[in-house]
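Enquirer: model this:
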Amino acid sequence: MRQVKRVRQTRDKAAREGRAYERMGPELGPDELDLARNARQQWADEQALVWAAHQLERWTRRLAMERGEDPMPRDRVLADLRNALEHLDEADFDGGAAVPGEGSRSLAALPGGRLPVRPGGRLAFGLIEVDELERRALALVDAVEEELMQEAPHRLLSRCRITLLRAGGTVAGSGASRHRC
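Expert: Numbering: from 1, shown residues only. Okay, here's the model as predicted:
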């Protein structure tokens, strides 16, 4: 969740300073170095968001399988984007986009077979809606937190029972409620 917030802040700052540069020019507002610094930070933050979202999805799928539940469908674009970012060293570059180079399967798997490397626009890397990633991540985190909260009383009671048994106490009756665990 922190990474989504960070991406939003970075995107807002880049947009705000970009508009200030256009209005005031580099003499009175941010200069080209500021804009380049913002672009690098936005690219890095968006890449970290893609990696975090992909890992959260993988963890959630694994958890469902361990519980014998059906895992949620895999987000193919997210997985392909994460792989393409990992293998950018295999890419060729055409203007502002990475294109498949020799042996670059990851980039070829992306919609359009290209990866915009210049930040900007409403989509991270021209492919992923940041708000949608946030909604999905929040839903997953909320579900886990809710489950943990439902299990918390059972865990506490279990700890109390173990503590009482180690101390030679009894678990049954109101005696259990009088003991601190």
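Enquirer: Around residue 20, how many other residues sit close by?
Expert: 15 (other CB atoms under 10 Å). All C-beta atoms are positioned from the backbone trio N, CA, C, and that covers glycine.
Enquirer: Double-check it against residue 30; I have them as touching.
Expert: Yes - counting by CB atoms under 8 Å, residue 30 is a contact partner of residue 20 at 5.8 Å.
Enquirer: Poorly predicted segments of this structure, please.
Expert: By pLDDT under 70, the low-scoring segments of the chain are 152, 155-181.
Enquirer: quick one: the strands in it?
Expert: Listed in chain order, the strands of the chain (DSSP state E) span 92-94, 97-99, 115-116, 123-124, 128-129.
Enquirer: closest one to residue 64 among these?
Expert: strand 128-129 (22.4 Å; CB to CB).
Enquirer: any residues touching the closest one, and which ones?
Expert: 50, 53, 77-78, 81, 122-123 (CB atoms under 8 Å, 6 or more residues apart in numbering).
Enquirer: Highest neighbour count among these?
Expert: Of the contacts of strand 128-129, with other CB under 10 Å as the count, residue 81 tops at 27 neighbours.
Enquirer: gap between that residue and residue 21?
Expert: To residue 21, residue 81 is 29 Å away according to CB to CB, to the nearest Å.
Enquirer: Format the strands of the chain as JSON lines; extra columns: distance to residue 149.
Expert: Listed next are these as JSON lines, based on distance: least, CB to CB, whole Å:
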{"stretch": "strand 92-94", "distance to residue 149": "48"}
{"stretch": "strand 97-99", "distance to residue 149": "43"}
{"stretch": "strand 115-116", "distance to residue 149": "40"}
{"stretch": "strand 123-124", "distance to residue 149": "32"}
{"stretch": "strand 128-129", "distance to residue 149": "29"}
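Enquirer: Between those, which one is closest to residue 67.
Expert: Here strand 128-129 is closest among these (CB to CB), at 27.8 Å.
Enquirer: Tell me how far that closest one lies from the chain's centre.
Expert: 12 Å (CA atoms, centre = their mean, to the nearest Å).
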